[in-house]
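Engineer: pasting the structure only:
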């Protein structure tokens, strides 16, 4: 009975680890989709504000508002990815506990946080951070000054 329970728990942990890995890709896709839409709206506002009769200060506020929404989406996505990485870490440690007890100690090596540079979540977070910084810098140096 004990072995069956351990096996079922092990299967569950492997399924959860797999789900956490897939979620990071979903979260990145959500960020890319929403950020693309919001930045497209900001660019459309920049290009069309004169034709639409929008006051320049309102257009600047709109661009800043859309980029702020993009920042909120980035923060939310980053939070979900970090929480997923923490959950993955816990699941892997529990997996190691089970294999230590049921197979032999040291059967699976425990994850180390110092290996963060190997985790794809690290690079997803870097992509989000860099893309967000580039969006704000381009808006600050090119879009906002050009709205007159």
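Structural biologist: Received the coordinates, thanks. Predicted model only: the values in this text are computed from it and were never measured.
Engineer: how about the helices in this structure?
Structural biologist: 2-48, 56-102, 120-138, 144-146 (DSSP state H).
Engineer: the third one: which residues count as buried?
Structural biologist: Put plainly, it is helix 120-138. 121, 124, 125, 128, 131, 132, 135 (16 or more other C-beta atoms under 10 Å). C-betas here are computed from N, CA, C, even on glycine.
Engineer: the shortest one now?
Structural biologist: Burial within helix 144-146, assessed by neighbour count using 16+ other C-beta under 10 Å, is assigned to residue 144.
Engineer: now find how far off-centre the helix or strand of the chain with the lowest mean pLDDT is within its chain.
Structural biologist: Across the helices and strands of the chain, mean confidence by mean pLDDT, DSSP states H and E is lowest for helix 2-48: a mean of 92. Relative to its chain's centre, helix 2-48 lies at 7 Å (C-alpha atoms, centre = their mean, to the nearest Å).
Engineer: coming back round to it: and the helices of the chain, which is most packed in?
Structural biologist: helix 56-102 (a mean of 16; mean count of other C-beta atoms under 10 Å).
Engineer: return the residues in contact with the residue lying closest to residue 45 once chain neighbours are set aside.
Structural biologist: Nearest residue to residue 45 in three dimensions, chain neighbours excluded: residue 62, at 4.9 Å (C-beta to C-beta, 6 or more residues apart in numbering). Taking C-beta atoms under 8 Å, 6 or more residues apart in numbering, we find residue 62 in contact with 42, 45, 49, 54.
Engineer: could you give the angle of the least confident helix or strand of the chain to helix 120-138?
Structural biologist: Taking axes from the mean of the first three to the mean of the last three C-alpha atoms, to 10 degrees, one finds helix 2-48 and helix 120-138 inclined to each other by 10 degrees.
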